[in-house]
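# I would like the atomic coordinates for the input below:
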Amino acid sequence: MNDAELVQEPRRRDPEGRRAAIIEAARQTFTERGYARTTLREVARRAGVTHGLITRHFSSKERLFLAAVPGNRDLERVAAGDPATLPDRIAHAFVLRMETDAAGDPLIALLRSAASDEQAAARLLVAMQEYSAAVYRSVLTPGEPAASDDDLDIRVALVGSQLIGVAFSRYIARTEPLASMPPDRLTEHLIRILRHVLFG
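From the prediction side, this is the model:
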């Protein structure tokens, strides 16, 4: 038995270990190749598992991306807390994440993938919006069924659009006045805007 077999054998008996290996391989592959150029087969090869096992755990590349990349992966932790201060937590987490590692952020991956594969970017955006809506709903209206006039999905989409716009202007195009704005001031503006979007 060679070294590769010795490494992979415990994973076959350890579902959590295999899941962790898939997520780590996905994180590395998405970072190196970008969202559009990453394939599930490449992730499977790096993780030492089958393509079928990845689809069994995550169902799609979009879902794997959400599980592997910081930002989406940490959304439940960021959102948890007092509903009244949800905009504050979103803004603080977004700015901190982007200032720390914009290149690895899911919004940057989304924007870059749109340039080469619009359909892939659209599928990823839908998955991100659905996940965000579910998380925000669990904080803003926990345990309540959606009312007939519920527009939370629209408000969540507007939050995402605001963050995507800031990500593009500040971290990709680097246009003023956002490019050189101090992070704390950017956070203050985002809190005010997101509060208006979420609460009116």
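# can you list the weak-confidence ranges in this protein?
Along the chain, the parts satisfying pLDDT under 70 run over 1-13, 70-73, 104, 146.
# can you pull out the helices in it?
Using DSSP state H, the helices of the chain run over 3-12, 15-37, 40-47, 51-58, 61-68, 75-79, 86-101, 106-116, 118-140, 152-166, 183-199.
# alpha carbons of the fourth one, as PDB, please.
Which is helix 51-58. C-alpha atoms of helix 51-58 as PDB (Å, rounded to 0.1, in the frame of the first residue of the first chain):
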ATOM      1  CA  HIS A  51     -17.300  12.700  -8.300                       C
ATOM      2  CA  GLY A  52     -20.500  10.900  -7.100                       C
ATOM      3  CA  LEU A  53     -19.600  11.400  -3.500                       C
ATOM      4  CA  ILE A  54     -19.300  15.200  -3.900                       C
ATOM      5  CA  THR A  55     -22.800  15.400  -5.600                       C
ATOM      6  CA  ARG A  56     -24.200  13.200  -2.800                       C
ATOM      7  CA  HIS A  57     -22.900  15.600  -0.100                       C
ATOM      8  CA  PHE A  58     -23.400  18.900  -1.900                       C
END
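# and the helices of the chain as a markdown table, adding mean neighbour count?
No exception for glycine: its C-beta is placed from N, CA and C like everyone else's. A markdown table is the format used below for the helices of the chain (neighbours: other C-beta atoms under 10 Å):
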| stretch | mean neighbour count |
| --- | --- |
| helix 3-12 | 11 |
| helix 15-37 | 17 |
| helix 40-47 | 18 |
| helix 51-58 | 16 |
| helix 61-68 | 21 |
| helix 75-79 | 16 |
| helix 86-101 | 18 |
| helix 106-116 | 19 |
| helix 118-140 | 17 |
| helix 152-166 | 17 |
| helix 183-199 | 16 |
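# can you lay out those as JSON lines showing distance to residue 174?
Below are those laid out as JSON lines (distance: least, C-beta to C-beta, whole Å):
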{"stretch": "helix 3-12", "distance to residue 174": "42"}
{"stretch": "helix 15-37", "distance to residue 174": "19"}
{"stretch": "helix 40-47", "distance to residue 174": "31"}
{"stretch": "helix 51-58", "distance to residue 174": "34"}
{"stretch": "helix 61-68", "distance to residue 174": "25"}
{"stretch": "helix 75-79", "distance to residue 174": "25"}
{"stretch": "helix 86-101", "distance to residue 174": "12"}
{"stretch": "helix 106-116", "distance to residue 174": "13"}
{"stretch": "helix 118-140", "distance to residue 174": "21"}
{"stretch": "helix 152-166", "distance to residue 174": "12"}
{"stretch": "helix 183-199", "distance to residue 174": "13"}
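# understood, closing this out.
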